[in-house]
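got a predicted structure here, sequence first:
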Amino acid sequence: MTGDIDLKEKPKDEKKSAKTETKTGTEDTVIEFQNVTKQYSANIEAVHDVSFCISAGEFISLVGPSGAGKSTLIKLLTCEEKPTSGKIVVAGRDITELKKKELPYFRRKVGVIFQDFKLLPKKTVYENVAFALEVCDAPDDEVKDKVPKIIDLVGLTRRAFSFTEELSGGEKQRVSIARALVHNPKLLIADEPTGNLDPVSTWEIVELLFKINKQGTIVMLATHDREVVDSLQKRVITMKEGKLVSDQQKGKYNL
Ligand code: ADP
């Protein structure tokens with residue numbers, strides 16, 4: 001499809017430039033922030049000179065106190081905001097230079113889920129997931145084939161024809177994960193996905209994110225949940241006042 005961005009396969013001519021642009025990245029680097037700063041106004045600098053690389057298959061927790069710049073960092077990664085300076089290279093392309101018509105294709109490769117689910121309450125689980133494909137003019141056959149498989153992956157086959165407003169919080173989050181997965185994203189960003197959930201549902205959602213990660217999707221989990229971060233034993237990026245203050249493999253929640 002023209003304008004589509006395959007986050008796995010880099011176009012030949014861009015492989016070269018990615019290498020030269022990427023000072024700290026390796027062959028495995030899928031995402032690179034290079035000295036990224038985002039100023040909303042003269043006295044609000046939400047992200048300051050942030051640099052890091054993410055490789056294929058990683059699971060990263062993004063932590064930091066409120067106002068640290070986590071949401072802004074996520075918005076930069078989904079192209080909702082543009083940096084004031086710096087580059088964000090995804091699969092060899094500087095996404096800050098994507099053209100308007102390329103954005104929808106890019107966004108399909110980056111799934112995002114939120115604390116408040118953002119589901120269509122008067123529609124069923126099946127309809128919510130199918131809708132994400134239908135708005136992209138997916139053929140009926142593809143919808144019929146994909147939707148049940150994804151609903152099964154998130155463990156909701158039994159509730160496929162329930163209205164989402166009838167579901168528990170944990171089940172709603174599963175629907176939003178299913179919806180985020182319909183375009184086979186290479187990156188799934190989970191922005192406080194367990195903020196509204198009880199402890200049991202929290203662990204079920206974390207386990208589901210793990211399962212998705214094991215199947216090859218990079219997962220970035222922004223969370224305030226110390227217990228979750230500490231038990232994950234995965235990479236932890238910590239932000240404070242817009243700066244990246246720590247980046248540790250097998251990190252802990254250190255705030
Ligand atoms: P976090 O997600 O870690 O709580 P945010 O990225 O939401 O942090 O916010 C970082 C800083 O940027 C805060 O000072 C916040 O008030 C400010 N900020 C966030 N979004 C905007 C915006 N759209 N306009 C102006 N300031 C903003």
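Yep, that arrived.

surely E171 forms part of a helix?
Yes: under DSSP: H, G, I helix; E, B strand; the rest coil, E171 falls within a helix.

just the helices in this structure please.
Ranges of helices in the chain, per DSSP state H, are 12-21, 70-77, 103-108, 125-134, 140-153, 169-181, 199-214, 226-232.

chain center to the third one: distance?
Right, helix 103-108. 13 Å (CA atoms, centre = their mean, to the nearest Å).

pLDDT on that helix, on average?
Across helix 103-108, the average pLDDT comes to 90.

by contact count, what packs against that helix?
The contact analysis (3 or more CB pairs under 8 Å, 6 or more residues apart in numbering; DSSP states H and E) places helix 103-108 against no helix or strand. Glycine gets a C-beta too; all of them are placed from N, C-alpha and C.

using CSV, write out every CA atom in that helix.
What follows is helix 103-108, C-alpha atoms only, in CSV (Å, rounded to 0.1, in the frame of the first residue of the first chain):
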residue,chain,number,x,y,z
LEU,A,103,0.2,9.5,9.2
PRO,A,104,-2.8,7.1,9.2
TYR,A,105,-0.6,4.3,7.9
PHE,A,106,2.0,5.0,10.5
ARG,A,107,-0.5,5.1,13.3
ARG,A,108,-1.9,1.7,12.4
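
buried ones in that helix, by neighbour count?
For helix 103-108, burial by neighbour count (16 or more other CB atoms under 10 Å) applies to L103, Y105, F106, R107, R108.

alpha carbons only: can I get stretch 178-188 in CSV?
Extracted C-alpha coordinates of stretch 178-188, given in CSV (Å, rounded to 0.1, in the frame of the first residue of the first chain):
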residue,chain,number,x,y,z
ALA,A,178,-7.8,-6.4,20.8
ARG,A,179,-8.7,-3.3,19.0
ALA,A,180,-5.1,-2.0,19.1
LEU,A,181,-3.9,-5.3,17.7
VAL,A,182,-6.0,-5.5,14.6
HIS,A,183,-3.4,-3.9,12.4
ASN,A,184,-0.6,-6.1,13.7
PRO,A,185,1.3,-3.1,15.2
LYS,A,186,5.0,-3.5,15.8
LEU,A,187,4.7,-1.3,18.9
LEU,A,188,2.0,-1.4,21.5
